[in-house]
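J.: Got a sequence here, can you model it:
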Amino acid sequence: MKYSVRRVDPKDPEIWAILERMQLQCLPGDIPQKPKEGYWWICYAETGIPIGFAGMVHSIRWEQTGYLSRSGILPAHQGKGLQKRLIKARVVKAKQLGWKWLLSDTSENPASANSLISCGFKMYEPRHVYGLKTSLYWRKKI
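T.: Predicted coordinates for the structure are as follows:
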């Protein structure tokens, strides 16, 4: 199956509905976050059905730094490199914006951690912890 990754406008009500549904399906138990700012992508199957999503916002703590926020792929489509494609799309946009760093965190999610590692992210310890007790922190100089 072929897939495409497209940048979308989360302020469009139809796109927001897709992003909300994708968060509920990919991140069960989490409360969907309504994107107020930043950049969002949806991964589509060749049939046109959305099967994944990802977001990126400007860091609230550091200049020229982005934060890879929410991301997920439906279970039936996992293991096909789509998370890496979504990470790479966000790296490209961050470079276009002139950002120098990208940050992210994972919690009890080895698959996402491995995708970040394969895309050049390194684990680090932030001075001010901002995630869960089980969070691992990642950064990449771009």
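J.: And the strands in this protein?
T.: With DSSP state E as the criterion, the chain has strands at 3-8, 39-45, 50-58, 65-73, 101-107, 122-124, 135-141.
J.: residues touching the closest residue in space to G131 that isn't next to it in sequence, list them.
T.: Leaving aside its sequence neighbours, G131 sits nearest to D105 (CB to CB, 6 or more residues apart in numbering; 4.5 Å). Every C-beta, even on glycine, is put in place using the N, C-alpha and C of the backbone. Counting by CB atoms under 8 Å, 6 or more residues apart in numbering, D105 makes contact with Y130, G131, S135, L136, Y137, W138.
J.: In JSON lines, list the residues you listed along with distance to I51.
T.: As requested, the contacts of D105 are exported to JSON lines (distance: CB to CB, whole Å):
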{"residue": "Y130", "distance to I51": "29"}
{"residue": "G131", "distance to I51": "26"}
{"residue": "S135", "distance to I51": "26"}
{"residue": "L136", "distance to I51": "25"}
{"residue": "Y137", "distance to I51": "28"}
{"residue": "W138", "distance to I51": "24"}
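J.: Please tell me which one of those counts the most neighbours.
T.: Within those, neighbour counts (other CB atoms under 10 Å) peak at W138, which reaches 21 neighbours.
J.: so can I have CSV of the strands of the chain showing distance to Q33 and mean pLDDT?
T.: As requested, the strands of the chain are exported to CSV (distance: least, CB to CB, whole Å; pLDDT from 0 to 100):
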stretch, distance to Q33, mean pLDDT
strand 3-8, 15, 98
strand 39-45, 11, 97
strand 50-58, 8, 97
strand 65-73, 6, 95
strand 101-107, 14, 95
strand 122-124, 24, 97
strand 135-141, 16, 96
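J.: Could you say which one of those comes nearest to C26?
T.: C26 lies closest, by CB to CB, to one member of the strands of the chain: strand 65-73, at 2.7 Å.
J.: Tell me what angle the closest one forms with strand 50-58.
T.: 170 degrees (axes from the mean of the first three to the mean of the last three CA atoms, to 10 degrees).
J.: Just checking: what are the partner strands of strand 65-73?
T.: Here strand 65-73 is paired, per DSSP bridges, with strand 50-58 (antiparallel), strand 101-107 (parallel).
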